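Enquirer: build me a model:
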Amino acid sequence: TAVSGKVATYGIEYKCYYTDYSRTYVAARVQFVVKGSPADRAGIRRGDWICLVDGKPIGSNNTSVLRRGAQILTSAPEGMYVYIAPTIYFVSPDGAMRPFMDAAETLDVSPVLTDTLIVRGSRRIGYLVYNEFLSEPAGASDGRYDEQLKAVFADFKRQHINELVLDLRYNGGGYVNTCR
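Expert: Numbers count the residues shown, from 1 in each chain. Purely as a prediction, here's the structure:
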């Protein structure tokens with residue numbers, strides 16, 4: 001699923017690829033990074049690879065840390081809990097490996113990942129990446145994401161676009177009423 005709504009996350013979406021014939025281990029390629037997220041602040045970028053979690057290859061026993069974007073919970077004395085952020089190792093396209101250790105944050109991630117105007121000669125192209133068909137974050141009833149989407153199209157209209165690229169490559173679906 002796409003990273004959108006009110007979620008605990010490091011602020012990355014990724015795709016896993018098997019790294020061995022037995023299909024035991026995976027590496028994950030970063031597809032996008034949410035602006036202002038822990039991953040963004042750490043300099044993680046699209047195209048980086050996640051190769052290790054806490055110094056171990058990524059396998060079925062530790063992919064949930066990446067999927068949930070949550071901290072690891074461990075019991076502590078006297079019934080208290082300690083949250084430990086795992087160390088995730090990223091490899092950038094230039095081959096540099098760097099550790100990332102930060103807590104996941106609960107972010108209100110808009111499904112409007114990016115919108116921009118691209119001008120090529122007489123072509124005015126509106127480009128919109130829309131991650132999920134959501135009206136608002138869970139628990140809200142204000143339709144804020146629908147309003148953000150309407151604002152993007154109003155801005156495109158003001159900019160007199162004559163072509164539109166609607167990028168849904170990370171969109172896993174959502175609510176029909178948002179599509180209307």
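Enquirer: elements contacting the longest helix seen in the chain?
Expert: Using DSSP state H to define each element, the chain has its longest helix at helix 144-158. Contact here means 3 or more C-beta pairs under 8 Å, 6 or more residues apart in numbering; DSSP states H and E; on that basis helix 144-158 packs against strand 112-120, strand 123-130, helix 176-179. In this view, the C-beta of every residue, glycine as well, is placed from N, C-alpha and C.
Enquirer: which outside residues touch that helix?
Expert: 4, 110-112, 115, 117, 126, 128, 130, 134-137, 164, 178 (C-beta atoms under 8 Å, 6 or more residues apart in numbering).
Enquirer: highest neighbour count among the residues you listed?
Expert: Neighbour counts for the contacts of helix 144-158 peak at residue 4, which has 27 neighbours (criterion: other C-beta atoms under 10 Å).
Enquirer: ok, which stretches of the chain are helices?
Expert: Using DSSP H, helices in the chain cover 38-41, 63-68, 144-158, 176-179.
Enquirer: so can I have CSV of those showing distance to residue 50 and mean pLDDT?
Expert: Below are the helices of the chain laid out as CSV (distance: least, C-beta to C-beta, whole Å; pLDDT from 0 to 100):
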stretch, distance to residue 50, mean pLDDT
helix 38-41, 10, 89
helix 63-68, 7, 66
helix 144-158, 28, 94
helix 176-179, 30, 76
